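Asker: build the 3D model from these lines:
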Amino acid sequence: MSRPPLPPFNAETAALKARLAEDAWNGRDPAKVALAYTPDSVWRNRAEFISGRAEIEAFLTRKWRRELDYRLIKELWTFGGDRIAVRFAYEWHDDSGQWYRSYGNENWEFDAEGWMRRRIASINDLPIAESDRKFHWPLGRRPDGHPGLSELGL
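Answerer: Below you'll find the model as predicted:
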């Protein structure tokens with residue numbers, strides 16, 4: 001079974017792969033998101049090293065328990081062969097009500113069937129006032145008409 005679009009990527013298929021990943025993460029279903037990765041996928045997320053779908057699912061479960069009202073935008077940065085690089089920003093608040101905008105970059109590597117086998121993420125968190133939020137759509141998928149990172153000046 002494959003997970004289209006498949007490598008080698010072009011501008012259209014790489015942008016679609018990024019949007020599909022954004023949509024899945026905005027769904028905040030750890031089990032569903034983990035299925036986009038190979039069973040032996042390896043991650044570096046900030047300073048945490050993760051291996052395999054079970055660890056990915058556990059990581060995402062912890063993440064979305066802590067990062068409340070999570071909304072994410074990904075934007076294609078570049079691509080080549082079986083690799084894609086994206087930049088992203090997401091907004092969330094903690095249990096005390098403090099809002100953050102987290103900025104980062106991800107490097108992705110896919111197998112021939114379109115499953116992500118490697119994810120390297122670098123992320124920084126910026127505390128923001130609730131009035132400074134830019135991501136206001138209802139929880140879930142970002143609407144097609146909502147501006148992306150470049151349009152928002154991020």
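Asker: how far does stretch 29-46 sit from the chain's center?
Answerer: 11 Å (Cα atoms, centre = their mean, to the nearest Å).
Asker: buried sites along it?
Answerer: 30, 33, 34, 36, 37, 38, 41, 42, 43, 45 (16 or more other Cβ atoms under 10 Å). Using the backbone N, CA and C atoms, a C-beta is placed for each residue, glycine as well.
Asker: from residue 46, how far out is the fourth one?
Answerer: Distance, residue 36 to residue 46, using Cβ to Cβ, to the nearest Å: 20 Å.
Asker: just to revisit the earlier point, taking the buried residues of stretch 29-46 together, which two end up most distant?
Answerer: Between any two of the buried residues of stretch 29-46, the greatest separation by Cβ to Cβ is 17.5 Å, found for 30 and 42.
Asker: bridged to the closest residue in space to residue 149 that isn't next to it in sequence, which residues?
Answerer: Using Cβ to Cβ, 6 or more residues apart in numbering and skipping residues adjacent in sequence, the residue nearest residue 149 is residue 75, 4.5 Å away. Beta bridges link residue 75 to residue 87, judged by DSSP bridges.
Asker: for residue 75, list the residues it contacts.
Answerer: 18, 86, 87, 88, 148, 149, 150 (Cβ atoms under 8 Å, 6 or more residues apart in numbering).
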